[in-house]
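> Dropping the sequence and predicted coords here.
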Amino acid sequence: MQKIDMLPDFAEITPSARIATAAHGWRAKCLQRLIRLDLPVPETVALPAATVRAIAAGHPVDVEAILAHFGADALISVRPSPQNPDWGGPGTILNIGMNAARHRALVARHGQAAADALYLRFVQSYATHVARLDPDMFDAAAPSAESLRDALRVYELEMDEPFPEDPARQLAEVLRSMARAWEGTTARLLRAAKGAPEEAALGLVVQEMAQGIGKGVSGSGVIQFVDPVTGLAQVTGRYLGQSQGRDALKRTEAIYLTRDPRGPSLEELAPELFADLLRFGAACRVKLREEMQIEFTIEDGHLSVLDAVKVARSARAGLKIAVALAEDGVITEAEAVLRVEPRALSELLHPQVDPRGARDVFVRGIAASPGAATGRIVFSSQAAQASAARGEPCILVRRETAPEDIRGMHSAVGVLTERGGMTSHAAVIGRGLGLPCIVGASDLKLDAKDRKLIAPDGRVFREGDIITVDGTTGEALAGAAEMLAPALDDSFRKLLGWADQYRDIGIRANADTPQDAATARQFAAQGIGLCRTEHMFFEDDRLVVMREMIFADSAKDRAAALTRLLPMQREDFVQLFDIMQGLPVCIRLFDPPLHEFLPHSREGLRELAEALDKPLSEVTRRAEALAEFNPMLGMRGVRLGVVLPEIYDMQAQAIFEATVEVGRRGAAVVPEIMIPLVSARREVELVKTRVDAVAAKVRTKAGADFAYKLGVMVETPRAALRAGEIAQHAAFLSFGTNDLTQMTYGLSRDDAGRFMNTYVQQGVFPEDPFHILDVDGVGELLHIGADRGRKTRGDLVLSICGEHGGNPESIAFCRKAGFDYVSCSPYRVPLARLAAAHLAL
Ligand code: PEP
Ligand code: MG
């Protein structure tokens with residue numbers, strides 16, 4: 001059996017070490033496995049990272065020792081072999097060793113044209129990648145004896161020396177240039193963006209060329225056994241006769257491997273070789289436990305496998321492939337779970353433009369990353385970050401993106417670029433982030449200075465205008481398009497079902513409306529962790545009654561308004577309980593300052609005066625009286641519950657009556673009632689006394705019994721510090737990290753966006769703490785609150801329900817701190833389930 005030859009050290013090049021290690025990089029390891037599977041891999045030598053580093057540092061390498069592994073007339077290639085395939089690396093160089101003598105030999109064997117084409121190709125790639133000459137000077141229209149002579153002449157003119165003839169010199173220079181390219185700033189930035197560590201190392205693989213030219217069946221191609229977009233089993237790939245490298249992928253005359261309507265496919269041309277390829281693919285799938293793309297060459301009917309790489313895949317395909325491998329017993333279910341990045345799920349979950357709606361397409365480009373998003377146009381990454389800090393979805397529009405745009409891309413909901421292709425920066429990063437993205441919309445005229453873009457039909461769009469990026473079709477639409485919720489297939493559900501078996505922290509959803517609750521159920525949330533009841537009062541008919549309640553002169557009038565709100569609230573809760581079918585529902589009592597419900601314009605106040613049949617002056621006076629200097633720290637949350645207890649009484653009654661009603665129909669409901677913005681034990685005592693009294697009244701009146709739980713939201717620093725005594729009256733504590741972050745930093749949730757960008761850029765905060773939980777400060781309060789609460793009550797249920805609840809980092813924190821569950825927005829539930837499983841595995 002053939003073995004791969006490893007060169008362990010640049011100084012001590014011996015063929016004795018024959019096991020590829022991590023130091024030789026993923027490609028060397030992969031080739032070794034292919035050889036072990038008896039795949040016909042040409043002679044290969046691998047250089048470990050230490051050798052490549054030494055070459056980059058200028059140490060000489062004994063290239064003669066490397067060349068000794070190959071035949072005297074062999075041409076060879078050098079390919080990058082970093083530790084992780086995602087980290088890229090310098091481009092492959094083919095046909096090293098080509099010179100006048102070998103050219104003559106090739107002319108004799110394959111004819112003048114084929115020999116000229118090979119030689120020209122080598123001169124071009126050597127001149128541009130090794131000698132770093134301008135590619136334009138070597139851009140011959142078509143290979144010919146003349147263009148070859150031209151290329152050799154230009155090289156000599158530019159370099160003041162003839163093109164190197166000595167294969168040893170050629171190889172030494174190729175190795176040096178590839179080793180140095182890896183150390184360059186651009187390469188470092190690019191791989192850092194893909195998560196490579198600073199010390200990421202490169203190995204190199206030197207391999208004998210199998211020529212795809214010859215009299216019999218000859219050519220090269222790639223084959224893969226799944227569809228890279230859907231992940232479904234399907235042979236795809238390309239083959240091109242009389243070609244080498246990955247030519248078949250670039251040229252339109254390349255043929256399909258199976259069923260080509262334009263003529264014979266490879267399967268028809270060479271059925272036995274095609275069958276061999278299928279066999280190789282199946283062997284790789286089982287033994288390498290992965291769907292591989294195989295690069296092959298056929299020389300006079302002799303098949304060689306040059307390389308195999310993981311099939312590049314969309315997030316959807318990645319999930320499908322992982323599930324299929326586990327179903328076939330190739331990998332375990334746990335491995336399948338671990339193979340899917342939680343953040344990649346967002347691509348599957350992204351809304352799509354509803355094909356039935358109107359489509360006002362203003363430009364077309366390349367559909368680079370699927371899903372659709374609507375937002376306001378921004379032309380810079382800074383503007384994107386500022387927009388995200390304000391909570392306004394934005395579309396980042398750029399000529400093209402570069403690594404320094406990463407933060408801007410993180411902040412945008414979609415990306416549109418004038419330049420680029422499927423593998424350009426915006427496309428690669430967009431797919432990685434699951435961000436809808438269109439690239440190469442070259443008909444756009446982008447004027448970043450005047451912050452406008454001109455569509456091919458002359459329409460002008462300016463910063464702030466709303467557009468929709470449809471990354472699935474590659475079309476940019478004017479305005480906000482109608483969206484379709486994403487479709488979730490069996491593989492998706494299966495994988496998350498497996499994830500649920502491993503995870504050890506609960507995942508609930510923040511859901512205020514029946515629609516939210518339905519989404520939460522669809523994503524298998526284990527209950528509702530936060531229902532913000534005030535959102536139920538903003539609807540038109542309720543808003544009027546709500547305002548009547550706010551303007552009531554006396555307790556009696558207030559009670560009358562509340563009586564009218566009661567059935568509406570009860571109906572809300574009945575719906576939530578019905579949808580959640582016995583799963584826990586945690587309802588937060590009224591939280592915002594009352595002033596938020598009043599109109600803010602004079603016109604609005606006039607309408608209100610009319611509706612309430614009160615003089616405008618009186619309505620205005622009352623509205624002014626309710627206004628606060630600092631409403632987020634004013635009459636809100638439990639403070640309203642203490643000062644105007646009738647509101648909480650009404651809500652408790654609605655909750656309990658809904659509990660009885662739904663309980664009578666079937667599933668027993670145990671509602672959880674949560675008190676917001678608590679800072680003192682006495683607040684909890686006061687509310688608890690009244691809620692207990694309401695429960696007793698409802699029980700008597702309905703002649704039915706029910707249980708409920710009362711808990712406290714910990715969202716002031718004092719509540720965290722005094723959690724020990726607060727827990728005396730609370731069955732659960734839920735950390736509201738939005739307000740807790742606001743109050744811990746003394747940083748307004750609503751205004752911090754104005755300077756957050758500067759703060760993050762200057763390194764004051766590593767991240768926006770409203771986005772990523774501040775584990776040092778806010779996290780310490782969470783630890784204190786949890787510890788003190790649990791000391792009082794061993795069975796205290798702990799959770800987090802701020803926006804941080806859906807971030808994998810926050811989930812890791814909460815799990816480590818022993819929390820029972822996290823609660824996040826419904827669309828983040830799948831990500832949270834998978835992230836939690838990753839933590840437990
Ligand atoms: C919080 O403060 O973290 C919270 C969940 O409540 P809200 O965002 O409604 O203030
Ligand atoms: Mg809050």
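Done, it's in. Numbers count the residues shown, from 1 in each chain. Ligands and ions are numbered 1, 2, ... in the order given.

> can you pull the contacts of the residue of the stretch 1-150 of the chain found nearest ligand 2?
Of all residues in the stretch 1-150 of the chain, the one sitting closest to ligand 2 is Asp86 (39.4 Å; CB to the ion). Using the backbone N, CA and C atoms, a C-beta is placed for each residue, glycine as well. Asp86 makes contacts with Lys194, Gly195, Ala196, as judged by CB atoms under 8 Å, 6 or more residues apart in numbering.

> Out of the residues you listed, show me where the pLDDT dips lowest.
Minimum pLDDT for the contacts of Asp86 is recorded at Lys194 (85).

> how much space between that residue and Gly88?
7 Å (CB to CB, to the nearest Å).

> Please identify which of those two sits among more neighbours.
Under the neighbour definition other CB atoms under 10 Å, Lys194 and Gly88 were set side by side, and Gly88 has more, 18 against 14.

> Touching, the more buried one and Arg191? I think so.
Yes. Using CB atoms under 8 Å as the test, Gly88 is close enough to Arg191 to be in contact (5.9 Å).

> Give me the common contacts of those two.
Common neighbours of Gly88 and Arg191 (CB under 8 Å, 6+ apart) are Pro82.

> Can you give me the neighbour number for Phe577?
25.

> Likewise for Val61?
21.

> do Phe706 as well
Around Phe706 sit 18 other residues, with neighbours defined as other CB under 10 Å.

> Equivalent analysis for Thr472, please.
Neighbour tally, Thr472, other CB under 10 Å: 16.

> Can you tell me the closest non-neighbouring residue to it?
Pro370 (4.5 Å; CB to CB, 6 or more residues apart in numbering).

> right, and the one you found touches Asp470 too?
No. Using CB under 8 Å, Pro370 is not in contact with Asp470; the gap is 9.0 Å.

> can you pull the contacts of whatever residue of the stretch 501-650 of the chain ends up closest to ligand 1?
Residue of the stretch 501-650 of the chain nearest ligand 1, by CB to the nearest ligand atom: Arg532 (5.1 Å). Shown in contact with Arg532 (CB under 8 Å, 6+ apart): Asn510, Asp512, Arg588, Asp591.

> Ok, Val130 next?
Contacts of Val130 (CB under 8 Å, 6+ apart): Ile93, Glu173, Val174, Ser177.

> After the host helix or strand of the third one, which helix or strand is next?
Okay, so that is Val174. Assessed by DSSP states H and E, Val174 sits inside helix 167-183. Using DSSP H and E, the helix or strand that follows helix 167-183 in sequence is helix 185-193.

> Could I have the CA atoms of that following helix written out in PDB?
Only the C-alpha atoms of helix 185-193 are listed here, as PDB (Å, rounded to 0.1, in the frame of the first residue of the first chain):
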ATOM      1  CA  THR A 185      -1.300  40.700   6.900                       C
ATOM      2  CA  THR A 186      -4.200  40.000   4.500                       C
ATOM      3  CA  ALA A 187      -4.000  36.300   5.000                       C
ATOM      4  CA  ARG A 188      -3.900  36.800   8.800                       C
ATOM      5  CA  LEU A 189      -7.000  39.000   8.800                       C
ATOM      6  CA  LEU A 190      -8.900  36.700   6.500                       C
ATOM      7  CA  ARG A 191      -8.300  33.600   8.700                       C
ATOM      8  CA  ALA A 192      -8.900  35.500  11.900                       C
ATOM      9  CA  ALA A 193     -12.300  36.400  10.600                       C
END
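
> Tell me the first helix or strand C-terminal of it.
Past helix 185-193, the next helix or strand by DSSP H and E is strand 202-208.

> Which two of the contacts of Val130 have the greatest separation?
Ile93 and Glu173 (9.8 Å; CB to CB).
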